[in-house]
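Engineer: coords please:
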Amino acid sequence: MIVIDGRVPDEAREITTGQANRVWYVDGPVSYVLKHYGDPARAANEAVALTLLTQHQAPAPQLLGADPGAQPAWTAQATVHAEPVPATQLLHELADPLAVVHRIRGSHVGRLAGARRHRTWRDYLRGRLDNYADAAPDLAHAAAVLSRELDVTDVDTEPRLLHHDLQPGHLVRSLSGRSLLLDWELAVFGDPLSDLARLAVRLDLPDPADVLHLTHRPAPAAGRRIHLYWRIHQLADAALSTDPVVQQRGRSRLS
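Structural biologist: Residues are numbered from 1 along each chain as shown. So this is what the prediction gives:
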């Protein structure tokens, strides 16, 4: 019987692509992907998200093991033999798996685990704006403008599961043709339009309304909400991104 304990086996092959975590492919009788996290809270959040997704038979990898309290924190996920969906087909193929995800109701607002829970979506967003202003004081005015707009925008919504890091590479197509969403460490419960707004930022779209077709029944105020979320995600990039290109693009968009 295979024992997965978070340690990197000698035969593991590193497949790290991001900046915050290290990732290995481990071959064997049971192959799996081992992920070490720079932030234990992200490990806890991804473990809970994957467990929830499995319960709902949603399009995501199966969690085989996790220990957010270890040094380093880790998860082990079932290997997905798949290829990334090309960016040119992303918006076409994302609709169905995203609809499954957005039907999953949340018990609270905010991260699933490893972070403070919020009473309302508005409270969560206001907290994010405060964090961005603290991280980049020169952007405090932009955060204040968005906070005032948040106060007069109807954002009350039943919390649903959001991936919250949609971008090319995170949607893959398995050999059987099934689409799966990877990398759930930033998942939150909130407004599905925020998922779409973040995707619009990642694709550098000039108008977030270009992705509104990914929600099946947009509310009458959806256009205003998605534009507000779009600008909040741009502020997040401008204040917190460790990638100079992404950070500068966020600042340029804000200005």
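Engineer: drop to CA atoms for contacts and neighbour counts, all remaining ones
Structural biologist: Fine.
Engineer: Would you map the helices across this structure?
Structural biologist: Assigned by DSSP state H, the helices in the chain fall at 40-55, 90-93, 95-102, 121-135, 140-151, 192-202, 222-240, 244-254.
Engineer: Of those, flag the one that's most buried.
Structural biologist: helix 192-202 (a mean of 24; mean count of other CA atoms under 10 Å).
Engineer: Contacts made by that one with the rest, please.
Structural biologist: 102, 160-167, 207-208, 210-212, 214-215, 222, 225-227, 229-230, 233-234 (CA atoms under 8 Å, 6 or more residues apart in numbering).
Engineer: which residues does residue 32 contact?
Structural biologist: Contacts of residue 32 (CA under 8 Å, 6+ apart): 25, 26, 76, 77, 78, 79.
Engineer: For the residues you listed, please prepare CSV with the additional fields distance to residue 153, neighbour count and pLDDT.
Structural biologist: Listed next are the contacts of residue 32 as CSV, based on distance: CA to CA, whole Å; neighbours: other CA atoms under 10 Å; pLDDT from 0 to 100:
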residue, distance to residue 153, neighbour count, pLDDT
25, 45, 22, 95
26, 48, 21, 95
76, 41, 26, 97
77, 39, 21, 97
78, 41, 18, 94
79, 42, 18, 91
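Engineer: Next, format these as TSV and append distance to residue 142.
Structural biologist: Output for the contacts of residue 32, formatted as TSV (distance: CA to CA, whole Å):
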residue	distance to residue 142
25	42
26	45
76	40
77	39
78	42
79	42
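Engineer: so which of those residues comes closest to residue 37?
Structural biologist: Using CA to CA, residue 76 is the member of the contacts of residue 32 that lies nearest residue 37, at 11.5 Å.
Engineer: Name the nearest residue to the closest one, sequence neighbours excluded.
Structural biologist: Distances taken as CA to CA, 6 or more residues apart in numbering place residue 34 nearest to residue 76, at 4.6 Å, with adjacent residues excluded.
Engineer: What residues are bridge-paired with that neighbour?
Structural biologist: Residues in a beta bridge with residue 34, per DSSP bridges, are residue 24, residue 76.
Engineer: State the distance from it to residue 3.
Structural biologist: Distance, residue 34 to residue 3, by CA to CA, to the nearest Å: 13 Å.
Engineer: quick one, which of these two is more surrounded?
Structural biologist: residue 34 (29 against 7; other CA atoms under 10 Å).
Engineer: hmm, who's touching the worst-scoring helix or strand of the chain on mean pLDDT?
Structural biologist: Using mean pLDDT, DSSP states H and E, strand 82-84 stands out as the lowest-scoring helix or strand of the chain, at a mean of 90. For strand 82-84, the surrounding residues in contact (CA under 8 Å, 6+ apart) are 168, 169, 170, 171, 172, 173, 174, 175.
Engineer: redo that, cut-off 7 Å
Structural biologist: Here strand 82-84 makes contact (CA atoms under 7 Å, 6 or more residues apart in numbering) with 169, 171, 172, 173, 174, 175.
Engineer: of these, closest to residue 46?
Structural biologist: Of all those, residue 46 sits closest to residue 171, with 16.1 Å by CA to CA.
Engineer: give me the number of residues near the closest one?
Structural biologist: Residue 171 has 26 nearby residues by other CA under 10 Å.
Engineer: want to try a markdown table for the helices of the chain, with distance to residue 61 and mean pLDDT as columns?
Structural biologist: Shown next, in a markdown table, are these (distance: least, CA to CA, whole Å; pLDDT from 0 to 100):
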| stretch | distance to residue 61 | mean pLDDT |
| --- | --- | --- |
| helix 40-55 | 7 | 97 |
| helix 90-93 | 17 | 92 |
| helix 95-102 | 13 | 95 |
| helix 121-135 | 27 | 97 |
| helix 140-151 | 35 | 97 |
| helix 192-202 | 19 | 96 |
| helix 222-240 | 26 | 96 |
| helix 244-254 | 28 | 93 |
